[in-house]
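*Asks:* A predicted structure for the sequence below; I have some questions about it.
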Amino acid sequence: MKLITTILIFVTLFVVGVSWVANTSRTHPITFVVPKGWPQPVYDFKQNPLTQEGFDLGKKLFYDGRLSKDGNFPCASCHQQFAAFATYDHNLSHGYNNSFTRRNAPPLFNLAWQKEFMWDGGINHLDLQPLAPITDTNEMAETIQNVLGKLKKDTAYRRMFKAAFGDENITTQRMTKALSQFVVMMVSANSKYDRVMRGEDSFNLPQRLGYEIFKRKCVSCHTEPLFTDLSYRNTGLATDDYLHDIGRMKITNDAKDSLKFKVPSLRNAAVTAPYGHDGRFASLLRVMMFYNSGVLNSATTDSLVRRGIPLSNYEIGQLTAFIYTLTDSSFLKDPRFAPPGYESRTQQAPIEHIH
Amino acid sequence: MQCNEVFLCSRLKNMNAAPVASHSCTTTILLNASGAIGLLFYRPCVFCNAVLQTIFKSNLSKNVGVFPAEYKSEPPSVRRNKSSIRDILLGTKNVFLNFIHNSAAIFLPLLLFFCNAETIAQEGSANKLVINFKNMVGGQLLQTDSVYTNTFGETFTVRTFKYYISNIVLSDDATGKKQFYKDQYFLVDEDDSTSKKIELTTTLNSITSVNFLLGVDSLKNVSGIQTGNLDPAKGMFWTWNTGYVMAKLEGNSPVAKTPQHAFSYHVGGYKKNEQTVRQINLVLPQKLICENAAVQLTVQANILAWFNTMNAIKIGDVAFCHEPGMLAVRLADNYSKMFKVVQ
């Protein structure tokens, strides 16, 4: 009896060992590098271990129109690399059937550090984020079931799901985790500003002066190194009388949160125009003119901007020069994130815009 | 990771650790030759708790490491040592949990080896319990094309009726034994007759009450993307304001001031002041003896309760509930009264 048990144990040990080795060698793990001096990411990589196969699948999904009802609205239709994955030159983005989104598409990067998503923070996990655009009638206008159905019919997808997750099962969870693997890898931390901070480069005079002003007047909300403290604030924008967007209050039902929106990162801001939650500011200049003289006071307007943020024309120029140092061209041109087939060519923003 | 088999040392078995429930967590109990015990657990199930308690009582060893991961009813001896254990282990807890997660495959055979293990067969034979959910309107069985009238005289038809049932607990009040079904989520859907039968395996000899949550506990609302019945593709999920719809009632009523006179109550919300999960406690009219291979219970869900138990809610006044908040909470208070158990 004892002998049999012992033999059985060794057999188990062997089988488990072999299958374990076989299992791990099938996928190729990729590492998420936390830039030096940055806080630890909040995304739980243990729940979704990054692999090359998962990332490749996520990329295919991100660029695939079939995730939308009529095939025209992949994630990438609103999140374009040359605009740091915001929608280039659009206050609101186009969605299914000539509709428009109700808010300005935010750029996508450094998502691993965010606990909540959307301008109002309504989504509490990155893995759940794709479900909102896929099902929103203003965006991709599909149902999750239909999307899964389309993917299941495609042998290429079945193969890629198998490579990434071990078998051909295509589920909501696997789809959104693959998308997360792709977008969570988008880290922007190599702008001139970062190089200066690492001691590899130096600011010119306007940039340096701009940084000084920034540290006095902006940094309490647009906090380094993410250039947002990820809080929700009302900066005193007048409500749009068509959109009636109450911001964070829509999620919390709390009047204290009325008109508050997530502080956006200013990284890559030079390429993410237009600005603001509804894209009302066409340029950085307009944003700064607003801080200088446009702030409306209401019950929830942030105390830091209640009297506006006085900015002279010189200061606006220098701040702009500084914000330009936050542009990370290695990220904007990173072939890993480029549309499939365009990895070796650099995508340019269209010169003449057509929509 | 879920392991449904328990590998324990024969020594443990000799200690008469009476399992009251099937093992349904990832607890691993290590017992080496010298009698030192290492307990690595991650939300222990009832089974493991019982075993742990026996170990603690028999005072087998002082050398006990416990890793409680958010569990309400820790064994008493654990609670006594809580602060010191917490202090020591706080730092290593996470590392350890990961370690267990990642290395369970290697661990189990090792365990077997050291313990000369045997798989404990369940004591008290396992019986099947089927809980039949019957959706009712007053005294009538729900038919999706029939016209009904609520206590306010409003006539209505029902098109969709769905609700989550989770965290079921069966109890035998005479012996104090309980059996927990943690991490099991059921979606009862009027349109899907198989969903109305919940099959459980129980080792209790008799059952006097059934408790469960109507809805999905907060933990699952903040833990990212789920599968099975909690798959958002099931349509019981808000994508723009993360959270599960705990229960859904849709239909038509001539008094509804909406297009096509449709009414639709999607009740959800898990945050403070917006909680719509309700604990349901049902005492059986008479003790249910589990001696046959399959015993049956029927739980009725009465739709009329949605309108006028705790709060008066008229379709003519509010025909839509599509977000967390006051209205959802009021509806939840009402549906907390909709269940009745019949035998």
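*Replies:* Received, thanks. Numbers count the residues shown, from 1 in each chain, chains lettered A, B, ... in the order given.
*Asks:* Show me the strands in chain A, by range?
*Replies:* With DSSP state E as the criterion, chain A has strands at A:94-95, A:99-100, A:232-233, A:261-262.
*Asks:* So what touches the third one?
*Replies:* Under the criterion Cβ atoms under 8 Å, 6 or more residues apart in numbering or on different chains, residues A:Asp120, A:Gly121, A:Cys221, A:Gly247, A:Arg248, A:Asp257, A:Lys260, A:Phe261, A:Lys262, A:Val263, A:Asp302 lie in contact with strand A:232-233. Yep, even glycine has a C-beta here, placed from its N, CA and C like the rest.
*Asks:* quick one: the fifth one and chain B, what's the gap?
*Replies:* In this case it means A:Arg248. Distance check for A:Arg248 against chain B: by Cβ to the nearest Cβ, to the nearest Å, it reads 11 Å.
*Asks:* What of the last one?
*Replies:* Look at A:Asp302 and chain B: by Cβ to the nearest Cβ, they are 23 Å apart.
*Asks:* and that residue, what is it in contact with?
*Replies:* Shown here is A:Asp302, whose contacts under the criterion Cβ under 8 Å, 6+ apart are A:Cys221, A:Arg233, A:Asn234, A:Thr235, A:Gly236.
*Asks:* ok, for the second one, nearest residue in space, not its chain neighbours?
*Replies:* Taking Cβ to Cβ, 6 or more residues apart in numbering or on different chains as the measure, A:Arg233 lies nearest to A:Asp302, with 4.6 Å between them; neighbours along the chain are not counted.
*Asks:* next one: B:Gln260
*Replies:* B:Asn252 (6.6 Å).
*Asks:* Could you do A:Asn72 as well?
*Replies:* A:Gly65 (5.8 Å).
*Asks:* What is the neighbour count of residue 287?
*Replies:* Let's take chain A. 24 (other Cβ atoms under 10 Å in any protein chain shown).
*Asks:* oops, I was thinking of chain B
*Replies:* Taking other Cβ under 10 Å as the definition, B:Lys287 ends up with a neighbour count of 15.
*Asks:* Settle this for me: it is touching B:Asn205, isn't it.
*Replies:* No: in terms of Cβ atoms under 8 Å, B:Lys287 does not count as a neighbour of B:Asn205; the distance is 9.9 Å.
*Asks:* about what we covered before: roughly how far apart are the residue nearest to A:Asn72 and A:Thr171?
*Replies:* 21 Å (Cβ to Cβ, to the nearest Å).
*Asks:* before we move on, the earlier item: can you tell me which of the contacts of strand A:232-233 are in helices?
*Replies:* Using DSSP state H, no member of the contacts of strand A:232-233 sits in helices.
*Asks:* ok, so of those residues, who is nearest chain B?
*Replies:* Minimum distance to chain B across these is 8.3 Å, recorded for A:Asp120 (Cβ to the nearest Cβ).
*Asks:* and the closest one, how many neighbours does it have?
*Replies:* Other residues within reach of A:Asp120 by the criterion other Cβ under 10 Å amount to 24.
*Asks:* Pretty sure A:Ile251 is one of the things it touches, is it not?
*Replies:* Yes: using Cβ under 8 Å as the test, A:Asp120 is close enough to A:Ile251 to be in contact (5.1 Å).
*Asks:* Double-check that B:Asn167 belongs to a helix.
*Replies:* No: looking at B:Asn167 with DSSP: H, G, I helix; E, B strand; the rest coil, it is strand, so not inside a helix.
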